Every structure is written in C-alpha cells, then in structure tokens.
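Novice: Starting from these lines, generate the structure:
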Amino acid sequence: MATKKKKPLQKIKPGVDTIAKQKVSGDSALAFAFGKENYRLLVIGLVVIFVGFLLMIGGGSDDPNVFSEDIFSFRRMTLAPILILAGYIIEIFAIMKKPRD
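Specialist: Now for the predicted structure:
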C-alpha cells in the first residue's frame, strides 16, 4: 500500500486575527455593543421622538358638528413632524457611531 504524505500545517501570520487566536477574558465576554455615549444618544433620540408625538396630539372638537381649525396649527403640521424626523436621525446616528475604546 502506498501511504500519502501529509502536508504540514500552515502557520498563522502574525497580523491575521482569527477567532481561535483570540483569548476571551472575563471583561471582554461582558462587553456591550454600544458605548456610554451611544446609549445616551439613543435615549435623547427617543425623548425627541416622544415629544414630537406629544405635540401632535389633542386639539379635537368636542362637538362633531363643529369644525376646529386647531388641527392645522404650526405645532401639528410643521413642528411635530420635524421633531420626529430629527429624533429618527439622532437614533440612526447613535447606532452608526463607533464607541470609543
């Protein structure tokens, strides 16, 4: 019988990061996906969105036969949607921002 020669294992280059090389310490196993600043921006974005929705509510008429012009106010038609859009932009920025190491 002919025996096959086995090729020697290739050495891992020093600059290449692999999962097998990485040692998991107790601290890195509990690392969060975002940094403290990311979470702060996420909360600020949620508050801005919430305020935008709060500005949009109310102003209805008690009597269904009477039309109320309050539904077309600056607060509801312009300010609230701008705040909601700004909140979503803050949220996207908070997610995409790299945390500081």
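
Novice: Regarding the residue lying closest to residue 83 once chain neighbours are set aside, what is its secondary structure?
Specialist: Of all residues not flanking residue 83 in the chain, residue 52 sits nearest, at 3.4 Å (Cβ to Cβ, 6 or more residues apart in numbering). For the C-beta atoms, the positions are set from N, CA and C on the backbone; glycine is no exception. Following DSSP: H, G, I helix; E, B strand; the rest coil, residue 52 is assigned to helix.

Novice: buried set for stretch 43-50?
Specialist: Using 16 or more other Cβ atoms under 10 Å as the test for burial, stretch 43-50 gives 45, 48-49.

Novice: will you turn those residues into CSV that also has distance to residue 56?
Specialist: CSV is the format used below for the buried residues of stretch 43-50 (distance: Cβ to Cβ, whole Å):
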residue, distance to residue 56
45, 17
48, 13
49, 11
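
Novice: what's the neighbour count on residue 89?
Specialist: Neighbour count of residue 89, defined by other Cβ atoms under 10 Å: 12.

Novice: Contacts only, for it.
Specialist: Residues in contact with residue 89, defined by Cβ atoms under 8 Å, 6 or more residues apart in numbering, are residue 45.

Novice: do residue 37 as well
Specialist: By Cβ under 8 Å, 6+ apart, the neighbours of residue 37 are 97, 99-100.

Novice: Go again with 7 Å.
Specialist: Counting by Cβ atoms under 7 Å, 6 or more residues apart in numbering, residue 37 touches residue 99.

Novice: Can you tell me how far it is from residue 92?
Specialist: In this view, residue 37 and residue 92 are 15 Å apart by Cβ to Cβ, to the nearest Å.
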